[in-house]
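> Predicted model follows, preceded by the sequence.
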Amino acid sequence: MFFYTIFGGYVLTSIILFKYPRLLHKKKNIKFNCQHISHRGGAGESYENTLSAFKRAVAVGTQMLELDCQLTKDGQVIVSHDQNLLRTTGVDKNICQVNYKDLPILKPVLPIDFDPEVEFVGSGKDEERKIPLLKDVFEEFPNFPINIDIKINDDQLIYKVSELVKFYKRQEYTVWGNFNDEITLKCYKVNPSINLLFSMRRVIFLILLMYTGLLPFVPLKESHLEIFLPSIYSRRRRNPVGSFLPYEKIICRSIDLLLMRPCLFNHLRARGIQVYFWVLNTEEEFRQAFELGATGVMTDYPTKLKKFLEINKIKIVE
C-alpha cells in the first residue's frame, strides 16, 4: 500500500510539473524567438554559406541565419559545411590543408543537400561565390541571431569560435553545437553563456526522461532543440552523398513514434527552450512542423517559407 501511495504521488506530481514546469524551473531568458531560419543562408536560393546568401535571406525577412564552421590551415574560422572542398568548389582538398587566401571560390552550380534532385544555379559572379570568414558574418550582422554548427571535433575551432562570439559581444544572439555529443559538451565547457543545441545523445536522453516521467524534475542546460521531420528522410535518401545519420531508418522511425509529441514541445517552450525543425522545403512540411508546435522552421527556401508564414498568418508561439 505504501508503494502505491508513493508511486501515485510521483505520477501526479510528474503530470502537474510536466504541464506547468515553471512551478519548478525558471524560464530561460532567450533574447530571440525565430519562426523563420535560413539553412546555410538559403541554399536553394543563393550560394550556400556566403555573405550574398545571408544578405539575401535577411532582406527576405529571415529571423535567424544557420551556418557551418571549419578551420583553415592558417587557423582562420571560415563558413563552410563540408570539410572537403570537392562538392562545393571542385577541388579535392580538405579545408584544414589550405590557407584562407588560397581557398577556391564556389562552383557556379551547386547541389542542394536537402533537395537532391535540384541544383542551385546562380549568377556565377566571383564575389558571390567567395567563402567568408566567420568574423565577416558577425560584422555584417551584429546582434542578429545566428545558429552555428561546429562541423569537426577540433578544440582550436571551438575555442576560436567562442573568442569571436565574445569579441563581437553576441553570446545572447548565438546558438551553437552539433549532433555529436562530445563536440557539444566541449562547446558548453568552453563558453556556457552561449545558447546550446541538444546533441543526438541528449535528444535520446530527453525521450527517456519524458517517458519515465522524470523530465519535469531534471534541469536542462540546452536552450534549443533542433530535430527533423521523419518525412525528410525519403527526400534525403535519394541523395547520392549518403545518409546524414547512422542507422537512419531506425532513428527516423523512433523519432516519428517517440519524439513527435506536441505535449513535449509545449513543455519545452514553457521552460524557454525553443524547438526548430530542419531542413524543411515544402509547404506541407512547414504546416506539419507548426501544427506539432514548432517554434521555428529551418529551410533552404527563405522566400517560400516567408510566403507560407504570411498566407497562413502563423504567430510566434511563446
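The structure has been received and is ready for your questions.

> residue ranges for the helices of the stretch 151-300 of the chain, please.
With helices called from DSSP state H, counting those that start in this stretch, the stretch 151-300 of the chain shows them at 155-167, 181-190, 200-212, 231-236, 248-254, 262-270, 283-292.

> hey, least reliable of the ones you listed by pLDDT?
Least confident of those, judged by mean pLDDT, is helix 231-236 with a mean of 64.

> from what I can see Asn29 touches Ile273, true?
No. If you go by Cβ atoms under 8 Å, Asn29 and Ile273 don't touch, sitting 11.7 Å apart. In short, each C-beta sits where N, CA and C put it, glycine included.

> What about Ile131, how many residues nearby?
Neighbours of Ile131 under the rule other Cβ atoms under 10 Å: 22.

> Am I right that it falls within a helix?
No. Assessed with DSSP: H, G, I helix; E, B strand; the rest coil, Ile131 is coil; it does not lie in a helix.

> quick one: contacts for it?
Neighbour list for Ile131: Asn49, Thr50, Ile78, Val79, Ser80, Leu103, Ile105, Leu106 [criterion: Cβ atoms under 8 Å, 6 or more residues apart in numbering].

> Could you rerun that using 7 Å?
Ile78, Val79, Ser80, Leu103, Leu106 (Cβ atoms under 7 Å, 6 or more residues apart in numbering).

> And Leu215, by the same measure?
Contacts of Leu215 (Cβ under 7 Å, 6+ apart): Phe18, Leu209, His267.

> Next one: Tyr301 from Val203, what distance?
Note on Tyr301: its distance to Val203, by Cβ to Cβ, to the nearest Å, is 25 Å.

> what's the answer for Asp154, then?
Asp154 is 23 Å from Val203, by Cβ to Cβ.

> the more surrounded of the two?
Comparing Asp154 with Val203 by other Cβ under 10 Å, the one with more neighbours is Val203, at 21 against 17.

> Quick check: what element follows the helix or strand hosting Phe54 along the chain?
Using DSSP states H and E, Phe54 sits within helix 51-60. Remark: after helix 51-60, the chain's next helix or strand is strand 64-71, criterion DSSP H and E.

> what's the angle from that next one to helix 51-60?
Interaxial angle, strand 64-71 versus helix 51-60 (axes from the mean of the first three to the mean of the last three Cα atoms, to 10 degrees): 170 degrees.

> outside of strand 64-71, which residues touch it?
So strand 64-71 is contacted by 34, 37-41, 49, 54, 57, 77-81, 83, 95-96, 134, 137, 141, 144-152, 154, 156-157, 161, 298 (Cβ under 7 Å, 6+ apart).

> And these, which of them are buried?
34, 37-41, 49, 54, 57, 77-81, 95, 134, 137, 141, 144-152, 154, 157, 161, 298 (16 or more other Cβ atoms under 10 Å).

> thinking again about what came up before, off-centre distance for the helix holding Phe54?
18 Å (Cα atoms, centre = their mean, to the nearest Å).

> buried ones in that helix?
Result for helix 51-60 [16+ other Cβ under 10 Å]: buried residues Leu51, Ser52, Ala53, Phe54, Lys55, Arg56, Ala57, Val58, Val60.

> what residues does that helix touch?
38, 40-42, 45-47, 65, 128, 132, 136-137, 140-141, 302-303, 306.

> Which among those residues count as buried?
38, 40-42, 45-47, 65, 128, 132, 137, 141, 302-303, 306.

> now, the most widely separated pair of these?
Using Cβ to Cβ, the buried ones among the contacts of helix 51-60 reach their maximum pairwise distance at Pro132 and Lys306, which is 23.2 Å.

> excluding its backbone neighbours, what's nearest Leu220?
Leaving aside its sequence neighbours, Leu220 sits nearest to Ile273 (Cβ to Cβ, 6 or more residues apart in numbering; 6.6 Å).

> So which of Asn29 and Ile273 has more stuff around it?
Between Asn29 and Ile273, counted using other Cβ under 10 Å, the more crowded position is Ile273 (23 against 8).

> does that one really touch Pro219, like I thought?
No. Using Cβ atoms under 7 Å, Ile273 makes no contact with Pro219, being 11.3 Å away.

> And the host helix or strand of Tyr4, what's buried?
In the assignment (DSSP H and E), Tyr4 maps to helix 2-19. Residues Ser14, Leu17, Phe18 are the ones in helix 2-19 that count as buried (16+ other Cβ under 10 Å).

> Any idea which of the helices of the stretch 151-300 of the chain gets closest to Phe2?
helix 200-212 (21.0 Å).

> Which neighbouring elements make contact with that closest one?
Helices and strands touching helix 200-212, as assessed by 3 or more Cβ pairs under 7 Å, 6 or more residues apart in numbering; DSSP states H and E, comprise helix 181-190.

> and for the helix it packs on, what are the contacting residues?
Residues from elsewhere that reach helix 181-190 (Cβ under 7 Å, 6+ apart): 150, 153, 155, 158-159, 162, 176-178, 196-197, 199-202, 221.
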